[in-house]
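Chemist: below: sequence and its predicted model.
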Amino acid sequence: MVSLGVLDAILANLGDENVQLVEKSLISLNKIFKHGQLAIKSFGGSNIFVNKALELNTVHFLENLQHHENHNIYELVSEIMDSYFQVENVQ
């Protein structure tokens with residue numbers, strides 16, 4: 001599915017004004033990344049889905065969503081960032 005552009009479509013939804021669409025997209029993104037982690041356990045290597053997301057500059061979109069007024073979106077983004085991306089704590 002990811003090779004068919006599903007990841008691209010999900011990432012495109014992250015900038016939408018529809019809160020439910022953004023929330024569902026984040027849930028889907030998290031599930032795709034989790035699947036990539038399972039593949040690492042079976043086959044080794046790195047998470048190909050996270051790598052693809054990095055190529056598409058996803059971190060930029062996720063960082064912007066960390067300031068979203070909807071608390072659920074903030075929580076989902078925080079979980080994704082903490083689980084799959086190196087985040088620098090700036091104090």
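Modeler: Happy to help now that I have it. Numbering: from 1, shown residues only.
Chemist: every contact and neighbour count from this point should use C-alpha atoms.
Modeler: Noted.
Chemist: figure out how far stretch 39-58 is from the centre of its chain.
Modeler: Centre-to-centre, stretch 39-58 and its host chain are 11 Å apart (C-alpha atoms, centre = their mean, to the nearest Å).
Chemist: now the residue nearest the centre of the chain: closest residue in space that isn't a chain neighbour?
Modeler: Nearest to the geometric centre of the chain sits residue 29, at 4.7 Å (C-alpha atoms, centre = their mean). Counting by C-alpha to C-alpha, 6 or more residues apart in numbering, residue 29 lies nearest to residue 10, which is 7.0 Å off, once chain neighbours are set aside.
Chemist: let me know the secondary structure of that neighbour.
Modeler: helix (DSSP: H, G, I helix; E, B strand; the rest coil).
Chemist: helices of this protein, start to end?
Modeler: Using DSSP state H, the helices found in the chain span residues 6-13, 19-43, 48-55, 58-65, 71-84.
Chemist: got a markdown table for those helices, with mean pLDDT too?
Modeler: Shown next, in a markdown table, are the helices of the chain (pLDDT from 0 to 100):
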| stretch | mean pLDDT |
| --- | --- |
| helix 6-13 | 87 |
| helix 19-43 | 93 |
| helix 48-55 | 90 |
| helix 58-65 | 90 |
| helix 71-84 | 95 |
